[in-house]
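Peer 1: After the sequence you'll find the predicted model.
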Amino acid sequence: MKILIPKEWLQKTGIVFTIAACVIAFFWYGASPTTTLVSKDELSNTPDYFLENVTSKEFTADGQLEQIIRTSKLSHYNINKQTTAVAPKIETTTDGIVWHAEADFGQLNDTNKDVLLTSNASVVRKDNNINSNKLNADVIHYNGIDKSLISEGNAKLTTPQGITLADTIRSYINLETAQLKGNVSGHYEQATQNK
């Protein structure tokens, strides 16, 4: 057995510490990846979460059912506070009037409750379970602030009195009026009088 003198002992100990430091540094820096599989730009366009075959119910403060949303796919984007929906069907009850809305695609705004329906969009108003008004358009925007429906592109309003076509039709949920703009035309049934 050989006894190390202090100089040799210091050299061997220095080598062991150097090797240990290199091993620790290798594992320390090697543990965190320097590159990601997906770029940050691609991740910024992805949803925070998505759900399939969704039925969502919203209630008023006093427990009354206010809205039901059914959709085959729902994707939420926290960056712009938007939720997109595929084939949404929305039923809303306001002051005893039931509204049915649907489209191929929908976009719901988390902050102001706006809803944008695109591609084959329609909204039907039911009074006492009878269809009273039907609105069809390429795009229907529900404005949550003034509670209006703005229909653009092939807009068509069907009421018991007849059919009205326009580039843009704006109607209000709580009023029996509509504002028509651009290429307005209509077909109305004449009332018959009893003699």
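Peer 2: Received the coordinates, thanks.
Peer 1: and after the worst-scoring helix or strand of the chain on mean pLDDT, which helix or strand comes next?
Peer 2: The helix or strand of the chain with the lowest confidence, counting by mean pLDDT, DSSP states H and E, is helix 40-44 at a mean of 66. On the C-terminal side of helix 40-44, the closest following helix or strand by DSSP states H and E is strand 49-59.
Peer 1: who touches that following strand?
Peer 2: With CB atoms under 8 Å, 6 or more residues apart in numbering as the test, strand 49-59 has contacts from 65-76, 85. Every C-beta, even on glycine, is put in place using the N, C-alpha and C of the backbone.
Peer 1: swap the cut-off to 10 Å and go again
Peer 2: When contacts are defined by CB atoms under 10 Å, 6 or more residues apart in numbering, strand 49-59 is touched by residues 65-78, 83-86, 88-92, 108, 113.
Peer 1: domains of this protein?
Peer 2: When the chain is parsed with automatic domain parsing, its domains come out as 1-33, 41-188.
Peer 1: if you look at the contacts of strand 49-59, which of them are in strands?
Peer 2: Taking DSSP state E, the ones among the contacts of strand 49-59 that sit in strands are 65-77, 83-86, 89-92, 108.
Peer 1: Nothing else from me, thank you.
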